[in-house]
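Engineer: Test case, fold it:
(chains A and B)
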Number of protein chains: 2
Amino acid sequence: MGAKQPVAIVFDTFGSVVDWRGSLIADLTAYGATRGIAADWTALVDAWRAAYHPSMERVRKNEVPWTKLDDLHRGSLDMLVEKFGIEGLTEQDLRHINLGWHRLNAWPDAVAGLTRLKWRFIIGPLSNGNLALLTKMAKHAGLPWDVVFGSDLFGHYKPDPETYLGVAKLLDVAPGELMMAAAHNGDLAHARECGLMTAFFPRTTEYGPHQKRDYAAEQDWDVVALDIEDLASQLGA
Amino acid sequence: MGAKQPVAIVFDTFGSVVDWRGSLIADLTAYGATRGIAADWTALVDAWRAAYHPSMERVRKNEVPWTKLDDLHRGSLDMLVEKFGIEGLTEQDLRHINLGWHRLNAWPDAVAGLTRLKWRFIIGPLSNGNLALLTKMAKHAGLPWDVVFGSDLFGHYKPDPETYLGVAKLLDVAPGELMMAAAHNGDLAHARECGLMTAFFPRTTEYGPHQKRDYAAEQDWDVVALDIEDLASQLGA
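Structural biologist: This is a model prediction of the structure:
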């Protein structure tokens, strides 16, 4: 790490800060058992996440009007419940399951690392989640954000430049004073194109046995760390 | 307090959570002494705050395009420096003085009360300050917000309904699940008109010797408290 330090650091959340797959599989498996509803919850979670990018792409390409992530998740869930032939779910069940994305748990290093970074930098999520989702996730997981940037503040999903540059504008900093931190090379590549600083740390088990990429840094990011605690150490926090 | 509890509580900040007058007078007096610049800093602070509502009214009435509060503050400061005949201020000085609004200190009960409330409720500012101002103020004063609502998220200043209802929409709660907390009866009256719950606590020294109103609750607000610690107690936090 050179002398240059960011003023603020924004984090990708799903996969980078929280373990969406492990959290949802555990949450839904327990819920299914309590409700006596049989399903392959692991397969449902993987299929649900697989629907994530295509659902946002329809918004990004203006094929559908702006739709917040909670509603995209719900649309995908309804489709998958039918496809998987899961029987017996009430509207209340479906709402509870959909809000599983608000109940994700942090990776083991995340809270400690963010707490250290918060002393020195402004920290927040920059996620495709909507503000309510991210705020409730932070309460659930104990994420000590200073400020929350949801995609609904911008009416755009990453990697649209309106998201990265929108944060810089709201924080009144130059893009080069803002660092994007993520476990996804693609997110960082788009942030760098917008002039942001970049920090990578791998999450090699994010997709469980289905992980296909992001085992290591693919560009010379400003910081390449082992995890968020290591990021804090490298930034002197 | 009846049985009904809010999901989230948003706070007016200037005067309600932070002591803008005492903080700015101390900050600018010390800065003027360091820089060897003579001025009646107390009078400047009072005049600066007096320019606050008229400057926002010009935006609210569309006489000028959307302008964030940092920039309204700077316009008023430039006008007042000339009016007061303060000599010797450089551009760097003026920027530093203008950012005095980012360096306000909390009233003595605020951090403890907010910390208690945060365990039970989502808490954030809903202020006419812009997001950068509010985020930096929170870092300075140690305000433990979950999420930050600045007027620039809405492109509207309070008491425009877009602010109160904009928070409810972003948090995905009904207006009646959201509580506005403030030391200003007027702010609460507008919040109530939008369907929000309301909490009042007085700040009888906000304007120093110039205080003219808001010594006590003027409506039957949902909670009337002594301060933010008492608000936490009354809400069971």
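
Engineer: Restrict stretch A:58-76 to CA atoms and write it as CSV.
Structural biologist: Taking C-alpha atoms only, stretch A:58-76 is exported to CSV below (Å, rounded to 0.1, in the frame of the first residue of the first chain):
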residue,chain,number,x,y,z
ARG,A,58,-33.6,-6.7,-17.2
VAL,A,59,-33.7,-3.5,-15.1
ARG,A,60,-30.3,-2.3,-16.3
LYS,A,61,-31.4,-2.8,-19.9
ASN,A,62,-34.7,-0.9,-19.3
GLU,A,63,-36.7,-4.0,-20.2
VAL,A,64,-38.7,-3.4,-17.0
PRO,A,65,-39.0,-0.2,-14.9
TRP,A,66,-36.9,0.3,-11.8
THR,A,67,-37.6,-2.5,-9.3
LYS,A,68,-35.8,-2.8,-6.0
LEU,A,69,-33.9,-6.0,-5.1
ASP,A,70,-36.5,-7.2,-2.5
ASP,A,71,-39.1,-7.3,-5.3
LEU,A,72,-36.7,-8.9,-7.8
HIS,A,73,-35.9,-11.6,-5.2
ARG,A,74,-39.6,-12.1,-4.7
GLY,A,75,-40.3,-12.5,-8.4
SER,A,76,-37.5,-15.1,-8.7
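
Engineer: That one and chain B, any residue contact?
Structural biologist: Yes: in terms of C-beta under 8 Å from any C-beta of the partner chain, part of stretch A:58-76 sits within range of chain B, namely residue A:70. The way it works is simple: take the backbone N, C-alpha and C, and place the C-beta from them, glycine included.

Engineer: Check the offset of that stretch from the chain's centre.
Structural biologist: 16 Å (C-alpha atoms, centre = their mean, to the nearest Å).

Engineer: Show me what counts as buried in it.
Structural biologist: A:59, A:67, A:68, A:69, A:70, A:72, A:73, A:74, A:76 (16 or more other C-beta atoms under 10 Å in any protein chain shown).

Engineer: got a list of contacts for it?
Structural biologist: By C-beta atoms under 8 Å, 6 or more residues apart in numbering or on different chains, the residues outside stretch A:58-76 that reach it are A:48, A:51-52, A:55-56, A:94, A:98-99, A:101, A:128-130, A:132-133, A:151-152, A:155-157, A:160, B:172.

Engineer: And those residues, which of them are buried?
Structural biologist: A:48, A:51-52, A:55-56, A:98-99, A:101, A:128-130, A:132-133, A:151-152, A:156-157, A:160, B:172.

Engineer: Where helices are concerned, which of the contacts of stretch A:58-76 count?
Structural biologist: Counting by DSSP state H, the contacts of stretch A:58-76 place A:48, A:52, A:55, A:56, A:94, A:98, A:132, A:133 in helices.

Engineer: Tell me where chain A has helices.
Structural biologist: A:20-35, A:41-50, A:52-60, A:69-83, A:91-98, A:110-120, A:131-141, A:161-171, A:185-193, A:228-234.

Engineer: can you put these in JSON lines and add distance to residue A:5 and mean pLDDT?
Structural biologist: Converted to JSON lines, those look like this (distance: least, C-beta to C-beta, whole Å; pLDDT from 0 to 100):
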{"stretch": "helix A:20-35", "distance to residue A:5": "30", "mean pLDDT": "98"}
{"stretch": "helix A:41-50", "distance to residue A:5": "34", "mean pLDDT": "98"}
{"stretch": "helix A:52-60", "distance to residue A:5": "32", "mean pLDDT": "96"}
{"stretch": "helix A:69-83", "distance to residue A:5": "31", "mean pLDDT": "98"}
{"stretch": "helix A:91-98", "distance to residue A:5": "39", "mean pLDDT": "98"}
{"stretch": "helix A:110-120", "distance to residue A:5": "8", "mean pLDDT": "98"}
{"stretch": "helix A:131-141", "distance to residue A:5": "24", "mean pLDDT": "98"}
{"stretch": "helix A:161-171", "distance to residue A:5": "15", "mean pLDDT": "98"}
{"stretch": "helix A:185-193", "distance to residue A:5": "17", "mean pLDDT": "98"}
{"stretch": "helix A:228-234", "distance to residue A:5": "11", "mean pLDDT": "98"}
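
Engineer: so which of the ones you listed is the most packed in?
Structural biologist: helix A:131-141 (a mean of 23; mean count of other C-beta atoms under 10 Å in any protein chain shown).

Engineer: Show me what it is packed up against.
Structural biologist: Judged by 3 or more C-beta pairs under 8 Å, 6 or more residues apart in numbering or on different chains; DSSP states H and E, helix A:131-141 is in contact with helix A:69-83, strand B:122-125, helix B:161-171.

Engineer: List the strands paired with the shortest one, with their directions.
Structural biologist: When you say that, I think you mean strand B:122-125. The partner list of strand B:122-125 in its sheet, established with DSSP bridges, is strand B:8-11 (parallel).

Engineer: now stretch A:121-141: how far from the chain's centre is it?
Structural biologist: Worked out by C-alpha atoms, centre = their mean, stretch A:121-141 lies 8 Å from the chain centre.

Engineer: same check, this time on stretch A:207-219
Structural biologist: How far stretch A:207-219 lies from its chain's middle: 15 Å, per C-alpha atoms, centre = their mean.

Engineer: returning to what we had before: so which of the helices and strands packed on helix A:131-141 is nearest residue A:11?
Structural biologist: Closest to residue A:11 of the helices and strands packed on helix A:131-141 is helix A:69-83 (C-beta to C-beta; 16.1 Å).

Engineer: returning to that earlier point: for the buried residues of stretch A:58-76, which two are the farthest from each other?
Structural biologist: Spanning the widest gap among the buried residues of stretch A:58-76 are A:59 and A:74, at 14.0 Å by C-beta to C-beta.

Engineer: Considering the ones in helices among the contacts of stretch A:58-76, which is situated nearest to residue A:215?
Structural biologist: Checking these against residue A:215 by C-beta to C-beta gives residue A:52 as the nearest, at 20.3 Å.

Engineer: how much space between that closest one and residue B:201?
Structural biologist: 44 Å (C-beta to C-beta, to the nearest Å).

Engineer: do residue A:7 as well
Structural biologist: From residue A:7 to residue B:201 the distance is 33 Å (C-beta to C-beta).
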